Every structure is written in C-alpha cells, then in structure tokens.
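J.: next input, structure requested:
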Amino acid sequence: MPGIHNEDIVIRPVRRDDLPALVRIDEENSGENREQYLARRLDAALDARWGVAASNVIEVEGDVVGFIMVNVVSGEFGLPENVASVDTIGVLPAFGRMGLATELFDHTRDQLRKLGITRLQTLVGWREQDLLRFFAARGFTPGSMLFLESELGGG
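T.: As a prediction, the model looks like this:
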C-alpha cells in the first residue's frame, strides 16, 4: 500500500470508545448521521452473552480509519448452521482504494472461520454498485433466501 506500511496498520476488536470514530466514518460515506444505529450495533457486538466477538476496526498510525460490524446468529430464519451477517463496513474516503477494507474483511472472515461459522451473508442496496463489486470480489453471490418487504402505509 503506497504511503502506508504494514507496521502502521492494526486490526483489533471494536471497543465502546470507538463509537465516535465509527459515526464519523459512516457519516463520511453515507452522508447521514446514524449514531443511534451504530450505538445499537456496537452494544450488540460487545454483548458478552453471545460469546462471539467478530466486529473489528482497522487503525493506521493509531487512528481508527475503518470498521466492520458483524452479527453472528444460530438458527435464525430456520437456518441450521451458525451464520454471520455483515451489518456495516466502512473506511474513511481518504483511505479508500488502499486495500484496507479488503484487509479488514479478510481478517474478520478468518476469525469467523476459526469460530466455526460456516456462512457469511450481507444485504446490499441494488444501486450500491461499488459495494456490490466489493462483495462479489470476495466470493459473495445472490443467496438462496429472497428478501421480501411490504410498505405498511402511514395509517
């Protein structure tokens, strides 16, 4: 990676005090402040009852520049195996196209394999072509389950 040396990069489990960095990274990528959502995802990631820590951040020279939030479930939606779901992934735009998201994703996928997770899933908006390409390059294909939705209306 040009300008970044491997010794400057640390991947570690997410911590509660990472929330401001997660919000900043997500906001720079989405244009929205989703602090409440990310706080809930962080609470779930740090909930010791689940016994599975799979959400990580990537630091460059001590600063959090990216993160991945992963949820591990067993038996959800009738699936018999342990399944992990990528809820959110993001890298500061200034660090985009440097391979950091790939490094973070690969590290997290290796962790999940060691935990005995057999499947990794995610939801991606149809129009989010960069994200679709990112996941496709990592072996993701359309799954066997169909996502359904219904508008509930305003009344």
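J.: so Arg138, which of the three states?
T.: Here Arg138 is recorded as coil under DSSP: H, G, I helix; E, B strand; the rest coil.
J.: what's the neighbour count on it?
T.: 15 (other C-beta atoms under 10 Å). Glycine gets a C-beta too; all of them are placed from N, C-alpha and C.
J.: now it: closest residue in space that isn't a chain neighbour?
T.: Spatial nearest neighbour of Arg138, excluding adjacent residues (C-beta to C-beta, 6 or more residues apart in numbering): Phe105 at 6.3 Å.
J.: what helix or strand does the one you found sit in?
T.: Phe105 belongs to helix 100-114 when assigned by DSSP states H and E.
J.: residue nearest the centroid of this protein?
T.: What sits nearest the mean C-alpha location of the chain, by C-alpha atoms, centre = their mean, is Ile68, with 2.9 Å.
J.: contact partners for it?
T.: Ser55, Asn56, Val86, Thr88, Ile89, Leu104, Phe105, Thr108 (C-beta atoms under 8 Å, 6 or more residues apart in numbering).
J.: Val73 - nearest residue in space that isn't next to it in sequence?
T.: Closest to Val73 by C-beta to C-beta, 6+ apart is Val83, at 5.6 Å.
J.: please report how far the one you found lies from Asn71.
T.: Here the criterion is C-beta to C-beta, to the nearest Å. By it, Val83 lies 9 Å from Asn71.
J.: only C-alpha atoms, please: export stretch 28-46 in PDB.
T.: Provided in PDB are the C-alpha atoms of stretch 28-46 (Å, rounded to 0.1, in the frame of the first residue of the first chain):
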ATOM      1  CA  GLU A  28     -18.400  10.500   5.600                       C
ATOM      2  CA  ASN A  29     -19.500   7.500   3.500                       C
ATOM      3  CA  SER A  30     -23.300   7.700   3.800                       C
ATOM      4  CA  GLY A  31     -23.900  11.400   4.300                       C
ATOM      5  CA  GLU A  32     -26.100  10.600   7.200                       C
ATOM      6  CA  ASN A  33     -25.500  10.600  11.000                       C
ATOM      7  CA  ARG A  34     -26.500   7.100  12.100                       C
ATOM      8  CA  GLU A  35     -25.100   7.300  15.700                       C
ATOM      9  CA  GLN A  36     -28.100   5.600  17.300                       C
ATOM     10  CA  TYR A  37     -28.000   2.700  14.800                       C
ATOM     11  CA  LEU A  38     -24.200   2.300  15.300                       C
ATOM     12  CA  ALA A  39     -24.600   2.500  19.100                       C
ATOM     13  CA  ARG A  40     -27.100  -0.400  18.900                       C
ATOM     14  CA  ARG A  41     -24.800  -2.400  16.600                       C
ATOM     15  CA  LEU A  42     -21.900  -1.700  19.000                       C
ATOM     16  CA  ASP A  43     -23.900  -2.700  22.000                       C
ATOM     17  CA  ALA A  44     -24.800  -6.000  20.300                       C
ATOM     18  CA  ALA A  45     -21.100  -6.600  19.200                       C
ATOM     19  CA  LEU A  46     -20.000  -6.100  22.800                       C
END
